[in-house]
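[1] Next one to model:
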Amino acid sequence: MTYIVTDNCIKCKYTDCVEVCPVDCFYEGENMLVIHPDECIDCGVCEPECPAEAIRPDTESGLDKWLEINTKYASIWPNLSERRDPPADAKAFDGEEGKFEKYFSATPGEGD
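    All right, here's what the predicted structure looks like:
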């Protein structure tokens, strides 16, 4: 099992989860984060820290797409191990439906 980041992270990109991760397995895209499934130690400390509730265990049904996205982009986006302020408009996007189709960007973030 691993934890993965799902679509509600898009355009919210809170990094509270990054701050508590003991193995620094978060990777940063332009407008979301992903977890590297092979680096995640399944400790679960990140899940309750996410204000957008975008982190889920991969054992939940219907998350195959998100496991693939996390795996793919964790291998090409830069690592992020420090908390940053979220985008100023993050709350406006929290809970919006269809965020992947509307806003997902494959562009890497800055990383550490």
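
[2] From residue 72, how far off is residue 91?
    For residue 91, the distance to residue 72 equals 28 Å [Cβ to Cβ, to the nearest Å]. In short, each C-beta sits where N, CA and C put it, glycine included.

[3] ok, which stretches of this protein are strands?
    Taking DSSP state E to define them, one finds strands in the chain at 3-5, 26-28, 33-35, 55-57.

[4] How about residues contacting the first one?
    Yep, that's strand 3-5 we're talking about. Residues outside strand 3-5 that contact it (Cβ atoms under 8 Å, 6 or more residues apart in numbering): 32-35, 37, 40, 42, 44, 46-47, 54-58, 63, 66-67, 69-70.

[5] try 6 Å
    33, 34, 35, 40, 54, 55, 57, 58, 66, 67, 70 (Cβ atoms under 6 Å, 6 or more residues apart in numbering).

[6] now it, how far from the chain's geometric center?
    Relative to the centre of its chain, strand 3-5 is centred 6 Å away, using Cα atoms, centre = their mean, to the nearest Å.

[7] coming back round to it: need the contacts of strand 3-5 in TSV (columns: distance to residue 108 and neighbour count).
    Formatted as TSV, those follow (distance: Cβ to Cβ, whole Å; neighbours: other Cβ atoms under 10 Å):
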residue	distance to residue 108	neighbour count
33	12	27
34	11	25
35	16	27
40	20	22
54	19	23
55	20	21
57	26	14
58	23	17
66	18	21
67	20	16
70	14	26
